[in-house]
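Q: based on what follows, work out the 3D shape:
(one chain, ligands or ions: 2)
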Amino acid sequence: MALMPWNNELVLGIPSLDEQHQTLVTHINALGAELGRPAADAKALSHILEDLVDAAMNHFIAEEELLNRHGHPQADAHSKGHSGETSSLVQLLDQVHADAGALGLEKLAQLKDWLTRHIQVDDRAAVALLMSKGAA
Ligand SMILES: [Fe+2]
Ligand SMILES: [Fe+2]
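A: Ligands and ions are numbered 1, 2, ... in the order given. Down below sits the predicted model:
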């Protein structure tokens with residue numbers, strides 16, 4: 001069973017964003033699978049986390065571009081939220097680069113909570129207005 005199964009609660013209805021979110025979920029699940037192995041490989045964990053951070057940053061750019069293109073009134077506030085998320089992700093990446101053992105189940109649970117909140121709370125609120133403007 002995947003740590004974070006993809007389900008309808010995570011679908012926002014804008015295919016490009018849903019696809020990008022699904023990729024992020026896949027990376028979280030890959031971290032969960034690696035950590036679940038009897039001898040989790042520190043290098044593999046670090047690489048997956050790098051892929052996750054990379055995909056998240058590209059996703060933030062795409063999402064902000066979409067909000068700006070549609071003149072979303074909360075575009076700036078949403079971008080600021082992404083900046084905070086980026087800082088946390090880069091901080092975790094720095095920790096893991098300094099000490100591969102820093103990425104344990106607790107940090108993984110935090111990543112899962114972050115992505116769930118990002119999609120279900122922050123993005124769902126932003127997307128509601130885009131949908132009403134026919135962005136999907
Ligand atoms: Fe998003
Ligand atoms: Fe977002």
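Q: use CA for all of it now, contacts and neighbours both
A: Fine.
Q: which residues touch the spatially closest residue to Gln120 that is not a sequence neighbour?
A: Closest residue in space to Gln120, ignoring its immediate chain neighbours: Leu10 at 6.3 Å, by C-alpha to C-alpha, 6 or more residues apart in numbering. Applying C-alpha atoms under 8 Å, 6 or more residues apart in numbering, we find Leu10 in contact with 18, 116, 119-120.
Q: buried set for the longest helix anywhere in the chain?
A: Assignment by DSSP state H gives helix 42-69 as the longest helix of the chain. Buried residues in helix 42-69, defined by neighbour count with 16 or more other C-alpha atoms under 10 Å: 42, 45-46, 48-50, 52-53, 55-57, 59-60, 63-64, 66-67.
Q: got the angle for the very next helix or strand once past it vs helix 42-69?
A: Once helix 42-69 ends, the next helix or strand along the chain (criterion: DSSP states H and E) is helix 75-98. Relative orientation of helix 75-98 versus helix 42-69 (axes from the mean of the first three to the mean of the last three C-alpha atoms, to 10 degrees): 170 degrees.
Q: secondary structure, distance to Leu105 and pLDDT added to the contacts of Leu10, as JSON lines?
A: Output for the contacts of Leu10, formatted as JSON lines (DSSP: H, G, I helix; E, B strand; the rest coil; distance: C-alpha to C-alpha, whole Å; pLDDT from 0 to 100):
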{"residue": "Asp18", "secondary structure": "helix", "distance to Leu105": "26", "pLDDT": "98"}
{"residue": "Thr116", "secondary structure": "helix", "distance to Leu105": "16", "pLDDT": "98"}
{"residue": "Ile119", "secondary structure": "helix", "distance to Leu105": "21", "pLDDT": "98"}
{"residue": "Gln120", "secondary structure": "helix", "distance to Leu105": "22", "pLDDT": "97"}
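Q: where in this structure is pLDDT low?
A: Along the chain, the model assigns pLDDT under 70 to residues 135-136.
Q: burial count for Val127?
A: The tally of other residues near Val127 (other C-alpha atoms under 10 Å) stands at 22.
Q: same check, this time on Gly84
A: The local packing of Gly84 (other C-alpha under 10 Å) involves 11 other residues.
Q: distance of Leu24 from Gly84?
A: 17 Å (C-alpha to C-alpha, to the nearest Å).
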